[in-house]
Each structure stands twice: as structure tokens, then as C-alpha cells.
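Colleague: Sequence first, then the predicted structure:
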Amino acid sequence: MDVEPPAVHPKAPTPGTELGIHFDECFGCGDEFEAGLHLRSRIGEAQTVYSEFTVTAAHQGAPGLAHGGLLACAFDEALGSTVGNLLRRPAVTGKLETDFRRPVPVGSTLYIEARLDGTAGRKIYASADGHLDAPDGPIAVSARALFVAVGFEHFTTHGDPAALKKLADAQEKAKRVREGRDWEINP
Ligand SMILES: CCCCCCCCCCCC(=O)SCCNC(=O)CCNC(=O)[C@H](O)C(C)(C)COP(=O)(O)OP(=O)(O)OC[C@H]1O[C@@H](n2cnc3c(N)ncnc32)[C@H](O)[C@@H]1OP(=O)(O)O
């Protein structure tokens, strides 16, 4: 099947939108685990998403340097967020390839620019570059990924029902807050 240019969903968040946390317990973006990456993302122009995270001592492999697996995690999160938010299609990572070009020290911040590259049926291609310590800093890590679109049953069949309920409740609460309906009759 031919690869087609990505078609951003008409209801995708607009450039400049801060994306926030998609699940509190997500290691990539959630706030519940102190050692997590706490990645923050916002929509950029032209099918891009900008993400940042600061490497802490909890992310070390060699002394004082980020673990490559955790850098790959940051790219999985940034690319997954790009696919999920711009296409508004549930999808999971099928393949993730990373090039580690420079060491990433503890205390440094990685600025990740991710983009949609194309789609072919259920297959979604995306790639990203991670710049060291500034949005235009040297590229320390690059990644390419294949995401595969799935139905919601992927998560209900294989995931944790209690965690899915917690996520659905949090999303409903966020929607009530956005619409100014977050009040109780008997608080
Ligand atoms: C607002 C929200 C924010 C949301 C923000 C979310 C951010 C979260 C970011 C984290 C994302 C993750 O880590 S997700 C978690 C890690 N990933 C997973 O757990 C996925 C585990 N794998 C699977 O469940 C499965 O293998 C699937 C779903 C990927 C594919 O299985 P399937 O549904 O049976 O489909 P299948 O026919 O095998 O594959 C479909 C097509 O993709 C191709 N394909 C599949 N895998 C590969 C592969 N590794 N390399 C090459 N090609 C592949 C096949 O050849 C086929 O091509 P063709 O024949 O059609 O040409």
C-alpha cells in the first residue's frame, strides 16, 4: 500500500496548544511517579509536536549520563503524542528505531521536535529529533517509528480495567472543568 501524506484531524488541537498529561500513571508524561520523565508537549506548526524533558539522576545508565532506553521512552511518548493528538486515532507503537548521536548528561534538557511523515492504511509513520539544551541545539538523538492504528478493544482486552476507569473518570472531570460544569449539588 502506498504511503500517503498525513491528514491532520479537523478537531486536532491547534498550534500552540499545551497537551498536558494523557494519563497520571504514564511513565513518560504522568505526575504520579517521581522518577518518570515528566515530558511536556505542545502542538507546533505543520504537523509537528514539541516536547521537552529534563534528565535527572533517576534516568542514568552510565554515571552522569542518560540511559538510552529511557531516551527511547521519551521518543515513544513524544511520537505517540504526535500521532494521538494530530490524527485523533488510537494507535500503538509497532516499531521504534533510535540513533544516539551524542551523550545526554544528567541535568540537560532534551527538546524533541516530532512530526507525522505519512500513513498507509493502519500504519502511521512518524519521526523526531532531540536537540540538546536548546530547541536549536545539536541533535543528540533521532528516532523513527511505525505506529499501528487499533480499536479501543486493544486497551479493554489487554489493559487494566481499573486503570482504564480511572483514566475515563479523569477525562470526564477535565471535560466538566473545561465546560464550567465542575460543581456538586452537595459538595
Ligand atoms: C490524545 C491521545 C494521546 C495519546 C498519547 C499516547 C502516548 C503513549 C506513547 C506510548 C505508546 C506505546 O508505547 S504503545 C505500547 C507498546 N506497543 C505495544 O504494546 C504494541 C504491541 N503489539 C501489538 O499489539 C500488535 O503487534 C500490533 C497492534 C502493533 C499489530 O498487530 P495487528 O493488529 O494484528 O496488526 P498486523 O496485521 O500485525 O500489523 C498491521 C500492519 O502493520 C505492520 N507491522 C506491525 N508491526 C510491525 C513491525 N514491528 N515492523 C514493521 N511492520 C509492522 C504489519 O506488517 C501490517 O502491515 P500490512 O500488512 O498492513 O502492510
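Modeller: Arrived safely, thanks for sending. Just so it is clear, the structure is predicted and the values come from calculations on it, not from any experiment. Numbers count the residues shown, from 1 in each chain.
Colleague: what separates residue 100 from residue 18, distance-wise?
Modeller: 28 Å (Cβ to Cβ, to the nearest Å). Quick note: C-beta positions are derived from backbone N, CA and C, even for glycine.
Colleague: So between the two, which is more surrounded?
Modeller: Neighbours per residue (other Cβ atoms under 10 Å) separate residue 100 from residue 18, with residue 100 holding more: 15 against 9.
Colleague: hey, what's the residue lying closest to residue 47 once chain neighbours are set aside bridged with?
Modeller: With Cβ to Cβ, 6 or more residues apart in numbering as the measure, residue 116 is the residue that lies nearest to residue 47, at 4.6 Å, once sequence neighbours are left out. Counting by DSSP bridges, residue 116 is bridged to residue 126.
Colleague: which stretches of this structure form helices?
Modeller: For the chain, the helices defined by DSSP state H cover 68-87, 153-158, 161-178.
Colleague: quick one, which of those helices is nearest to residue 39?
Modeller: When these are compared by Cβ to Cβ, helix 68-87 sits nearest residue 39, at 5.1 Å.
Colleague: For that closest one, name the packing helices and strands.
Modeller: Under the contact criterion of 3 or more Cβ pairs under 8 Å, 6 or more residues apart in numbering; DSSP states H and E, helix 68-87 touches strand 40-43, strand 48-54, strand 91-100, strand 109-120, strand 123-132, strand 139-149.
Colleague: which stretch among those comes nearest residue 62?
Modeller: Proximity to residue 62 (Cβ to Cβ) singles out strand 91-100 among the helices and strands packed on helix 68-87, at 12.0 Å.
Colleague: tell me the contacts of the residue in the chain that the ligand sits nearest to?
Modeller: In the chain, the residue that lies nearest the ligand is residue 80 (2.5 Å; Cβ to the nearest ligand atom). Contacts for residue 80 (Cβ atoms under 8 Å, 6 or more residues apart in numbering) come out as 28, 91, 93, 147.
Colleague: what does the chain have sitting close to the ligand?
Modeller: Within reach of the ligand by Cβ under 6 Å from any ligand atom, the chain has these residues: 1, 22, 76-77, 80-81, 84-85, 92-95, 121-123, 146, 148, 150.
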